[in-house]
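K.L.:
structure for this input, please:
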Amino acid sequence: MKYLKMDPFQKHLDEALPDHPSPVYFVCIADADERRFVAERIVKSLGLPTQWCDGETFSRELETPSLFAEKRVLICDSYEGKQLHLSDDLILVLTSKSPTALTKKLEKEGVTLDLSGEKPWDRKPRLQRWLLEIAHAGGKKLDPAAAAYLLEFSPEAFAPLVSEVEKALVYTGDEKEVTLQAVKTIATLDPKQNGWQLSEAAVWGGPALLDDTDLYSLVGQLRYQLALGLQVAEGKPAKGSPKKIDKIRAKGLQASFYREGFQDLFELEMKLRSNISNQALLFDHFRAKLAARRDG
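P.N.:
Below is the predicted model:
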């Protein structure tokens, strides 16, 4: 049985375990910490003795008759073996970046979660739900806005996000909720945004840090965002996804905002051509002028 999304896979675990386990589970996710997180969920649902193994130990355990009277779980990441002999006294959990030959060979006998082809817009809400669940397991409610804030700053790696939530649980002491302000106060993640994320945040609001991004390369993307917003504001056909068009329309900004933004962008380009070296300062000044008209 194969699942391409986390929710139906989780539903399967909830309904089948611990009474009707599969002899083997395959978890295919690019991020190693996300793979481990899912493997831990499987183990928790099974409630059996568990051993985490490297490839060599995993192979040896498969070949050695078990001394245990009850079933146990073996977990291995990135197993490179070509054969896998299933046993009544073992439940196997194999994790990897993507499906392997074993995954395909034993697909009917086992249960597979394959998120190797997951789209970024599906992964982000999944990680947000996981952060909320981690906080809940720690006895607290995490403000969804706080989880979204963390994902804005570190959308690539899962482990730093978990670390920030765990840190926030300690920081908030006896409080029952971890608020957005609490997370903003103690978060130490290094922001990593691509050009499109930076240009969107500059025009429509949101956290943005230029970091080592070349401001010259960002000018064209800023111009695109302003042009798209102006098309929407003037009721003209706009080239963008329906979801993005709806978000822009919901901002309720007038055409004058975007026209003045073009003037600000022109002034920014002139300063760049004048070899003013502090690009971060220029970018922040540009954002501040847009924000004053947008939020004022």
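K.L.:
contact partners for Leu142?
P.N.:
Applying CB atoms under 8 Å, 6 or more residues apart in numbering to Leu142 gives the contacts Leu131, Leu132, Ile134, Ala135, His136, Val165, Ala168, Glu177, Val178. Just so you know, the C-beta spots here come from the backbone N, C-alpha and C atoms, and that holds for glycine as well.
K.L.:
for it, list each beta-bridge partner.
P.N.:
When bridges are called by DSSP bridges, Leu142 pairs up with Val178.
K.L.:
going forward, begin numbering at 870 instead of 1
P.N.:
In the new count, where the first residue is 870, that last one comes out as Leu1011.
K.L.:
could you measure from it over to Glu1033?
P.N.:
Per CB to CB, to the nearest Å, Leu1011 is found 10 Å from Glu1033.
K.L.:
follow-up on the earlier one: which single one of the contacts of Leu1011 is nearest to Cys922?
P.N.:
Using CB to CB, Ile1003 is the member of the contacts of Leu1011 that sits closest to Cys922, with 25.2 Å.
K.L.:
what helix or strand is the closest one on?
P.N.:
Assessed by DSSP states H and E, Ile1003 sits inside helix 989-1006.
K.L.:
what helices and strands are in contact with that helix?
P.N.:
strand 1010-1011, helix 1013-1022, helix 1028-1040 (3 or more CB pairs under 8 Å, 6 or more residues apart in numbering; DSSP states H and E).
K.L.:
domain parsing for this protein?
P.N.:
Using automatic domain parsing, the domain parsing of the chain gives 871-983, 989-1055, 1064-1164.
K.L.:
can you show me the helices along the protein?
P.N.:
875-885, 901-915, 924-932, 970-974, 989-1006, 1013-1022, 1028-1040, 1049-1055, 1064-1073, 1084-1102, 1111-1120, 1124-1142, 1148-1164 (DSSP state H).
K.L.:
who touches the fifth one?
P.N.:
Applying CB under 8 Å, 6+ apart, the set of residues contacting helix 989-1006 from outside is 874-875, 903, 906, 984, 987, 1010-1011, 1013, 1016-1017, 1019-1020, 1024, 1027, 1030-1031, 1034-1035, 1037-1038, 1047.
K.L.:
which ChimeraX command selects the buried ones in the residues you listed?
P.N.:
To isolate the buried ones among the contacts of helix 989-1006 in ChimeraX, judged by 16 or more other CB atoms under 10 Å, type:
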select :875,903,906,984,987,1011,1016,1019,1020,1024,1027,1030,1031,1034,1037,1038,1047
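K.L.:
on that earlier part again, I'd like the contacts of Leu1011 as TSV, with pLDDT and distance to Arg1092 appended.
P.N.:
Shown next, in TSV, are these (pLDDT from 0 to 100; distance: CB to CB, whole Å):
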residue	pLDDT	distance to Arg1092
Leu1000	96	35
Leu1001	97	37
Ile1003	96	40
Ala1004	96	40
His1005	96	43
Val1034	93	37
Ala1037	92	38
Glu1046	96	41
Val1047	95	39
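K.L.:
for Gln1066, state which of those is nearest.
P.N.:
For these, the minimum distance to Gln1066 (CB to CB) is 19.2 Å, reached by Leu1000.
K.L.:
just want the most central residue of the chain.
P.N.:
Taking CA atoms, centre = their mean, the centroid of the chain lies closest to Lys993, which sits 4.1 Å from it.
K.L.:
what's near enough to touch Gly1064?
P.N.:
Thr1082, Ser1086, Leu1087, Gln1090 are the contacts of Gly1064 under CB under 8 Å, 6+ apart.
K.L.:
could you flag which of those residues are buried?
P.N.:
For those, buried by 16+ other CB under 10 Å: Thr1082, Leu1087, Gln1090.
K.L.:
dump these to CSV, plus pLDDT.
P.N.:
Below are these laid out as CSV (pLDDT from 0 to 100):
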residue, pLDDT
Thr1082, 77
Leu1087, 87
Gln1090, 88
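K.L.:
where does the stretch 920-1069 of the chain have low pLDDT?
P.N.:
Low-confidence segments of the stretch 920-1069 of the chain, defined by pLDDT under 70: 934-938, 1022-1025, 1058-1062.
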